[in-house]
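Engineer: could you work out the structure for the sequence below:
(4 chains, ligands or ions: 2)
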Amino acid sequence: MPGLEDLYREIILDHYKNPRNEGTFPSPPAIKAEGHNPLCGDELTVYIMLEGDAIKDIRISGQGCSISRSSASLMSVAVKGKTLAEVDRLLKIFKSMMSITTNASGEPEATEPIEYSERELGELVALQGVVKFPVRIKCATLSWNTLLQALEDRAS
Amino acid sequence: MPGLEDLYREIILDHYKNPRNEGTFPSPPAIKAEGHNPLCGDELTVYIMLEGDAIKDIRISGQGCSISRSSASLMSVAVKGKTLAEVDRLLKIFKSMMSITTNASGEPEATEPIEYSERELGELVALQGVVKFPVRIKCATLSWNTLLQALEDRAS
Amino acid sequence: MKSPAATLKPLNVSEIRKDFPIFTHHEGHALYFLDSAASSQKPLSVMQAMDNYYSTTHANVHRGVYHIAEHATELYEGARVKVGRFVGAPDPATETIFTKNATESINLLSTSMTRGMLKSGDVVVLTEMEHHANLVPWLIAKEQFGIEIRYIKLNDSGYLILDDIEELLDGAKVLAVTLTSNVLGTINPVAELAKLAHDRGAIVIGDGAQFVPHIATNVVDLGLDFLAFTGHKMLGPTGIGVLWGKKSLLDALPPFMGGGDMITDVRLDGFTPNELPWKFEAGTPPIAEAIGLGAAVDYLENIGMDRIRTHELELLSYAFEKLEANFDSSIIIHGPRNVNDRGGVISFDFKNIHPHDISQILDQSGVCVRAGHHCAKPLMRHLGIAATARASFHIYNEHADVDALVGALAKAQAFFS
Amino acid sequence: MKSPAATLKPLNVSEIRKDFPIFTHHEGHALYFLDSAASSQKPLSVMQAMDNYYSTTHANVHRGVYHIAEHATELYEGARVKVGRFVGAPDPATETIFTKNATESINLLSTSMTRGMLKSGDVVVLTEMEHHANLVPWLIAKEQFGIEIRYIKLNDSGYLILDDIEELLDGAKVLAVTLTSNVLGTINPVAELAKLAHDRGAIVIGDGAQFVPHIATNVVDLGLDFLAFTGHKMLGPTGIGVLWGKKSLLDALPPFMGGGDMITDVRLDGFTPNELPWKFEAGTPPIAEAIGLGAAVDYLENIGMDRIRTHELELLSYAFEKLEANFDSSIIIHGPRNVNDRGGVISFDFKNIHPHDISQILDQSGVCVRAGHHCAKPLMRHLGIAATARASFHIYNEHADVDALVGALAKAQAFFS
Ligand SMILES: Cc1ncc(COP(=O)(O)O)c(C=O)c1O
Ligand SMILES: Cc1ncc(COP(=O)(O)O)c(C=O)c1O
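Structural biologist: Ligands and ions are numbered 1, 2, ... in the order given. As a prediction, the model looks like this:
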């Protein structure tokens, strides 16, 4: 059985207790998307401010467990200031990291594993241990899926 | 395991091969009722001609197995010429005989066992063995239930 | 709720645990199973009843003339009578319908009722503490047929607010209410509510999923018209639920699903439904599961529902005492403080620790509790939270389980402080 | 139907029978079980899979954070993938829905479709050989929502009459047809029909209850949009059925039953359905049964569906030969004479002996056949009879079963002559 230290790395606890980019933006101009984790009831809202093809700023509000909250906080730091192309790659990398195993439901994640270096991940690497706790994968991916939805809503 | 001879008594085979009172009556004046055995698809129609409070004549048509056909034939003989009160008692006696055990569905038959002498049964006694074959009880009671329905339809 | 006589012989839990293979299996790395409100464990006798059935007499029921098919039918219908009697059904052979779970039982009602009994604008009264199983079927009926839903509200102690109950029930066609809340543990005054509803001509549906497995149940005393419950929470197998209903109402209700066994006749242009109870059982039923549920009922009756209730009350008191003593103001326990008003369910929250994290850390100590919204999102919103952690009991639980819970919670607290 | 390569290794039936406890149990008073079309027997591995599950890792699925609940979820979802793959589902984890039986699978479709896809006057095309499971749900939809039903007729050899098929399908929204008739044995040309239906924009539903257990199935090759089948006829437990559906159609379809697990959010005034496949699985699913069905699929795949089909074809040929040789003109065998066009099902009648009596007398010799309308009353009317006797095969049947059948039929004939 994997130990708690695999899951609750120090960076995670730090981001959980001191979440970055917490709050809201008026929408519009911000793009806003809501995410639910139907398994546990967690809810999260992502607000992004675009400038050109980059995420100029981001805010996150909602309720969630340490994994979902810290993942959201880590994500906000990772994507802030990045171009949409860069964000897209981060999204792919993150999903790939989270699909080393099958997810909570035993389904193989749809995303193809892609090549990346740990360096690209930055602090996100702290979430690597989550895959050993399949049920928690949905907690870690909630914010990323919600961000994706915000970007897609904008596109359509 | 009860043997076939318990079920297929000679009288039964005789009534099966040579059914009495087979046929139809125009309705009206005859009272007519249709019965189904949902388990096997057997269908039976009973026609009765009343005179005062007696069954003056009876006809039966339909499809069925040896038990259902012979029971119908035996019934037709037993009730023909009888007053409704006599028929009612025969009905009760027959149902009681058929509920010595629970029926095919394991439900205790609703009818209370009543006191009667074998002599009252006449040839109907040949069907006594059917209770050892619970699935077939519905075959034996189909004609009686259909008769009952005809009498009730008339009442209402 | 009056508590059963204190003179009942206490359960011999260590003997009982031997009847449950899962506790033997996990003996080494101890299993503190505190999630019976989600699904209970199964005694060996339940598995054996099903295996015996499959190994000696399996065949499809109701239609076979050969002996194993007859015997299968007897076992299946025998289980029906047993299960119906267990909840005090006046006519168990006719009024007890097997479904796949409590959820299907309620969907059967909401769907069949909208095929004749309920029409647009008709009022169904629910409570804000209902499980999704007794909410979403009515929300679908609302969406599809325009029925109106009214809710009985809750107070801060986790009880129904009954001040305006007569108003709420005024003109209502249906009152559908849970007997025991799966989150708050609240045992609702259903007999009382049923009387008020009946006085106004409403039909009363009880959701017994959390009640029937733990407390002696009598549908007549409770004044119910329908009762839904589920096998897997009462030591029975998965894949089986029950709907009990009053014969006259079941007779009046149109069928739910169509298929084999539920018909008297089928023509190319229409069909005639079968008699009760088969009218509501379309297709091959969960035969082995019904037999397994029958064995579960035997097991429960053999121990005695009143002894089980007494045992759970004692555990509840012990747990309250321990949790309050150890965590004082850092723990919030939801629902009534008087254990006599609760089923064996304790939902709680810790400041600064999310239930998911609690459950995760508890798991490291072999303590199994559920974290989440417990399929009661409107109730969660009422409580102003997204999730709780929930510990729940059945006959195999003992003080050691509560002690393990408390110990592991202390660890979690340390971890996140 | 092309027959599988003749070079396949024949089944070792006496070894196979050892895997089925019921045959060991009845060894003394031999059981000639010829009623697998009603329900098949179960190998020990299926019972063991369920017992193991209950004895080591049972907990409710999808919501638990603790390890046995996670493991239960993995086993349940793993069974889903296994069962979906077994019928060639392109995306088995998403497109495979567990129900309680094939009947529920079809009711799910008929009900959900009338919540948006089908409206009054829309045409559903069925055949006159359908089982009640694929008739009554549509008759209910007709009664409730005014859909129109058209029927593909049958010829005297038990085949569908396809002369006017283009007319029948013209303007149709749905074609729902059985892959194998449970009475006639006829294997319908479903791929061909599906093409014709798709050309006209209709959705194609296959009833695979009698096909999937016996013949290698691939939903893509068959051109289906939906496929319903049932666990207990394919060596699996009772209490579980399957609906496979194309993802895009399942996505477009509104939910069937409401309750836990099938939602993303519930508010007092409405709800948001969950993703596939859970959107269609309300309440606690048949967890152990899904795992048992997974074990049944393993067992079937391990033997090989093509070998199973070859075995049944051989038995069919042998049975035809023996029945015709022994009973000549006194027996009427329904359905196609070409065994390659049939599943392992033989329905027959004797002049002057009612099927009920046949079955009763056969039972005295331990021969189990089904007598009745086989839940296909419209087909019975077409045949001009009330009932047939039906013998049907699965992997554990052998020549001895056919011989016992023929011997017992001779006794019945003597008895009633
Ligand atoms: C062709 C066909 N369809 C559907 C069914 C229904 O299966 P179940 O009773 O398991 O729902 C059956 C079996 O009885 C069948 O033979
Ligand atoms: C109060 C209540 N009602 C209904 C249900 C639904 O039971 P099932 O999931 O077995 O249908 C549950 C259990 O989850 C429950 O706790």
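
Engineer: buried ones in stretch A:34-54?
Structural biologist: A:35-50, A:54 (16 or more other C-beta atoms under 10 Å in any protein chain shown). Glycine gets a C-beta too; all of them are placed from N, C-alpha and C.

Engineer: just those residues that are near chain C?
Structural biologist: Of the residues in the buried residues of stretch A:34-54, proximity to chain C by C-beta under 8 Å from any C-beta of the partner chain holds for A:39, A:40, A:41, A:42, A:43.

Engineer: helix/strand/coil for the closest residue to the last one other than its chain neighbours?
Structural biologist: For residue A:43, ignoring the flanking residues on the chain, the nearest one in space by C-beta to C-beta, 6 or more residues apart in numbering or on different chains is residue A:62 at 5.0 Å. Assigned with DSSP: H, G, I helix; E, B strand; the rest coil, residue A:62 falls in the strand class.

Engineer: now, which of the buried residues of stretch A:34-54 lie within strands?
Structural biologist: Judged by DSSP state E, strands contain the following of the buried residues of stretch A:34-54: A:35, A:36, A:43, A:44, A:45, A:46, A:47, A:48, A:49, A:50, A:54.

Engineer: hmm, stretch C:235-251 touching chain D?
Structural biologist: Yes - judged by C-beta under 8 Å from any C-beta, stretch C:235-251 and chain D are in contact via C:237, C:238, C:239, C:240, C:241.

Engineer: can you tell me the distance between the two ends of that stretch?
Structural biologist: 30 Å (C-alpha to C-alpha, to the nearest Å).

Engineer: tell me the mean pLDDT for it?
Structural biologist: Mean per-residue pLDDT for stretch C:235-251: 98.

Engineer: so for the helix ranked longest in chain A, what gets flagged as buried?
Structural biologist: In chain A, with assignment by DSSP state H, the single longest helix is helix A:134-155. Buried residues in helix A:134-155, counting neighbours by 16+ other C-beta under 10 Å, are found at A:134-151.

Engineer: pick out the residue of the stretch 51-200 of chain C closest to ligand 1.
Structural biologist: residue C:60 (7.3 Å; C-beta to the nearest ligand atom).

Engineer: pLDDT wise, what is that residue at?
Structural biologist: At residue C:60, pLDDT is 95.

Engineer: again with residue A:116
Structural biologist: For residue A:116, the model assigns a pLDDT of 82.

Engineer: quick check: it vs residue C:309, distance?
Structural biologist: Counting by C-beta to C-beta, to the nearest Å, the gap from residue A:116 to residue C:309 is 58 Å.

Engineer: residue A:75 too?
Structural biologist: 49 Å.

Engineer: the two: which has the busier surroundings?
Structural biologist: Between residue A:75 and residue C:309, residue A:75 has the larger neighbour count (other C-beta atoms under 10 Å in any protein chain shown), namely 29 against 19.

Engineer: the more buried one touches residue A:143, doesn't it?
Structural biologist: Yes - Residue A:75 is within contact range of residue A:143, at 4.9 Å (criterion: C-beta atoms under 8 Å).

Engineer: common neighbours of those two, please.
Structural biologist: residue A:60 (C-beta atoms under 8 Å, 6 or more residues apart in numbering or on different chains).

Engineer: what's near enough to touch the closest residue to residue A:129 other than its chain neighbours?
Structural biologist: Of all residues not flanking residue A:129 in the chain, residue A:6 sits nearest, at 3.7 Å (C-beta to C-beta, 6+ apart). Applying C-beta under 8 Å, 6+ apart, one finds that residue A:6 lies in contact with A:129, A:132, A:133.

Engineer: out of those, which touch ligand 1?
Structural biologist: Contacts with ligand 1 are made by none of the contacts of residue A:6, judged by C-beta under 6 Å from any ligand atom.

Engineer: neighbours of residue C:325, how many?
Structural biologist: If we define neighbours as other C-beta under 10 Å, then residue C:325 has 9 of them.

Engineer: spell out which helix or strand contains it, please.
Structural biologist: helix C:305-327 (DSSP states H and E).

Engineer: closest point of the stretch 101-250 of chain C to ligand 1, which residue?
Structural biologist: Counting by C-beta to the nearest ligand atom, the stretch 101-250 of chain C gets nearest ligand 1 through residue C:239, at 12.7 Å.

Engineer: does that residue touch residue D:283 like I think?
Structural biologist: No - judged on C-beta under 8 Å, residue C:239 makes no contact with residue D:283 at a distance of 10.7 Å.

Engineer: residue contacts, the nearest residue to residue C:358 once chain neighbours are set aside?
Structural biologist: Closest residue in space to residue C:358, ignoring its immediate chain neighbours: residue C:389 at 4.6 Å, by C-beta to C-beta, 6+ apart. By C-beta under 8 Å, 6+ apart, the contact list for residue C:389 reads C:347, C:348, C:349, C:350, C:355, C:358, C:359, C:362, C:369, C:370, C:371.

Engineer: same check on residue C:94?
Structural biologist: Here residue C:94 is in contact with B:107, C:247, C:250, C:276, C:277 (C-beta under 8 Å, 6+ apart).

Engineer: ok, for it, nearest residue in space, not its chain neighbours?
Structural biologist: residue C:276 (4.8 Å).

Engineer: gap between the one you found and residue C:59?
Structural biologist: For residue C:276, the distance to residue C:59 - C-beta to C-beta - is 23 Å.

Engineer: looking at those two, which is more packed in?
Structural biologist: residue C:59 (25 against 19).

Engineer: that older thread, now do the shared contacts for residue C:239 and residue D:283.
Structural biologist: C:100, C:101.

Engineer: not counting residues beside it along the chain, what's closest to residue C:337?
Structural biologist: residue C:157 (7.0 Å).

Engineer: follow-up on the earlier one: between residue C:239 and residue D:283, tell me which one has more neighbours.
Structural biologist: Neighbours were counted for residue C:239 and for residue D:283 using other C-beta under 10 Å; residue C:239 has more, 31 against 28.

Engineer: residues from chain C in reach of chain B?
Structural biologist: Residues of chain C lying near chain B by C-beta under 8 Å from any C-beta: C:62-65, C:67, C:69-70, C:73-74, C:76-78, C:80-81, C:93-94, C:263-265, C:272, C:274.

Engineer: so which of those belong to strands?
Structural biologist: Per DSSP E, these map to strands at C:263, C:264, C:265, C:272.

Engineer: the third one pairs with what?
Structural biologist: The residues paired with residue C:265 through beta bridges, assigned by DSSP bridges, are residue C:272.

Engineer: okay, now residue C:411: neighbour count?
Structural biologist: 15.

Engineer: let me see the contact set for it.
Structural biologist: Applying C-beta under 8 Å, 6+ apart, the residues near residue C:411 are C:361, C:364, C:365.

Engineer: any idea which of those residues is closest to ligand 2?
Structural biologist: residue C:361 (24.2 Å).

Engineer: distance of that closest one relative to residue C:193?
Structural biologist: 40 Å.

Engineer: check residue C:27 too.
Structural biologist: 45 Å.

Engineer: of these two, who's got more company?
Structural biologist: In this view residue C:27 and residue C:193 are compared by other C-beta under 10 Å, and residue C:193 has more residues nearby, 24 against 10.

Engineer: the more buried one and residue C:175 touch, don't they?
Structural biologist: Yes - the criterion here is C-beta under 8 Å, and residue C:193 meets it with residue C:175 at 6.4 Å.

Engineer: anything in contact with each of those two?
Structural biologist: residue C:204.

Engineer: ok, is stretch C:282-293 in contact with ligand 1 or not?
Structural biologist: Yes - counting by C-beta under 6 Å from any ligand atom, ligand 1 has neighbours in stretch C:282-293: C:283, C:284.
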